[in-house]
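# Mind looking at a prediction? Sequence and model below.
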Amino acid sequence: QQKVQQSPESLIVPEGGMASLNCTSSDRNVDYFWWYRQHSGKSPKMLMSIFSNGEKEEGRFTVHLNKASLHTSLHIRDSQPSDSALYLCAVSSNTNKVVFGTGTRLQVLP
Amino acid sequence: AQTIHQWPVAEIKAVGSPLSLGCTIKGKSSPNLYWYWQATGGTLQQLFYSITVGQVESVVQLNLSASRPKDDQFILSTEKLLLSHSGFYLCAWSQHLNQDTQYFGPGTRLLVL
């Protein structure tokens, strides 16, 4: 069964700091990677997607993808208390369902 | 713009009782629809997906069933609830199966006692 491992499980950063989250898939066929953010008691919302090797930046958020190592990372600079949430990585291939990772719980302290 | 509604917002049910959860998508024709389950603080587990009316595929066996009676409606149900059914149930839609961003509804929180 395909696994999607995220690390760390939890992360505490000070307001204004940098948060770095990691995600690795065990399925060599995956082509699509997403990062979702889920605030407590709410449903997940897609934050960023990346389908090609390299880097993508949107505001304070940067995502990296290395398809050879099946690894993606999300970096949040100038972290805000409102960024405190569960961050879920999701992957899929053309022939397989979307699989979500174990999640990283981020807490940004004021 | 597409909107997705789920009902009810929350339920407290007894073990062995029946359950029916609903999901409606507005503003999108022929969406791919999904049911997910999330244990408290846990990851999302895809339960079912549907490409078209009347067609539902099961992903995991959890003593639940799903149906798609209309293009914009997805129903999750069971005749007998188990304690392990407690959790957060999320309906989602996407443009393309598996290769596209999933848009989630607000969810239904279920507690089985």
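Arrived safely, thanks for sending.
# where do the strands sit along the chain?
No chain was given, so I picked chain A. A:4-7, A:10-14, A:19-25, A:32-38, A:45-50, A:54-58, A:61-66, A:71-76, A:85-93, A:96-100, A:104-109 (DSSP state E).
# Not quite, go with chain B.
B:3-7, B:10-13, B:19-26, B:32-38, B:44-52, B:55-58, B:65-70, B:73-78, B:87-94, B:103-104, B:108-112.
# of all those, which lies closest to A:R105?
strand B:32-38 (13.5 Å; Cβ to Cβ). Any C-beta I mention is one placed from the backbone N, CA and C, and that applies to glycine too.
# Just to check, B:S20 is in contact with B:L76?
Yes. B:S20 is within contact range of B:L76, at 7.4 Å (criterion: Cβ atoms under 8 Å).
# more neighbours, those two?
The residue with more neighbours, out of B:S20 and B:L76, is B:L76; 23 against 12, by other Cβ atoms under 10 Å in any protein chain shown.
# who does the residue nearest the centre of chain B bridge with?
Closest residue to the average C-alpha location of chain B: B:W35 at 3.1 Å, with Cα atoms, centre = their mean. Beta-bridge partners recorded for B:W35 (DSSP bridges): B:F48, B:C91.
# what residues does chain B put near chain A?
B:34, B:41-46, B:49, B:59, B:90, B:98-99, B:101-107 (Cβ under 8 Å from any Cβ of the partner chain).
# let's go with 10 Å and repeat that
B:4, B:6, B:34, B:36, B:38, B:41-46, B:49, B:57, B:59, B:88, B:90-92, B:94, B:96-107, B:109 (Cβ under 10 Å from any Cβ of the partner chain).
# related to what we said a few turns ago, mind putting the strands of chain A in TSV, distance to chain B included?
Formatted as TSV, the strands of chain A follow (distance: least, Cβ to the nearest Cβ, whole Å):
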stretch	distance to chain B
strand A:4-7	8
strand A:10-14	10
strand A:19-25	12
strand A:32-38	6
strand A:45-50	5
strand A:54-58	14
strand A:61-66	14
strand A:71-76	15
strand A:85-93	5
strand A:96-100	4
strand A:104-109	8
